[in-house]
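Engineer: I would like to see how this sequence folds:
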Amino acid sequence: MVDRNDQPKFVAQSYTFSVDEDASANTDVGTVTATDEDAATSITYSVSPDTVFGVIPTTGVIQLIAANLNYEAIQSYVWLWTLRAGRVRVCTWLTILHVMLPQVHADCDRDG
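Structural biologist: Residues are numbered from 1 along each chain as shown. This next block holds a predicted model:
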């Protein structure tokens, strides 16, 4: 009997993360996780395009690369995710990020 190399799979069917429009560069946005039934095989993550957001290949943590989000121009992002486990590669499109306008708080200390 020959063991075949199983495909890595995302843990969840969908992921939802939000980030404020005024978030700074290197902000952690969320984590995408995957599993592989081959216990000895580690999974690496990558996204394309990776110009605004990137992923730490060994952890699946999504980070804001550039602090130039514009809610009026783009409210959500779609990436081609690639999971690699050994020689097996799985690709899928995921929409996982929503840009939010910064929170505005009323000045409660004003006399009035």
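Engineer: Find the least confident helix or strand in the chain, judged by mean pLDDT.
Structural biologist: Ranking every helix and strand in the chain by mean pLDDT, DSSP states H and E puts strand 88-100 at the bottom, with a mean of 75.
Engineer: list the helices and strands it packs on?
Structural biologist: strand 17-20, strand 28-31, strand 76-85 (3 or more Cβ pairs under 8 Å, 6 or more residues apart in numbering; DSSP states H and E). Backbone N, C-alpha and C define where each C-beta goes, glycine included.
Engineer: Nearest to residue 45 among those would be which one?
Structural biologist: Among those, strand 76-85 comes nearest to residue 45, with 6.3 Å by Cβ to Cβ.
Engineer: Buried residues, that closest one. List them.
Structural biologist: Across strand 76-85, burial judged by 16 or more other Cβ atoms under 10 Å covers 77, 79, 81-85.
Engineer: angle of that strand against strand 88-100?
Structural biologist: In terms of direction (axes from the mean of the first three to the mean of the last three Cα atoms, to 10 degrees), strand 76-85 departs from strand 88-100 by 160 degrees.
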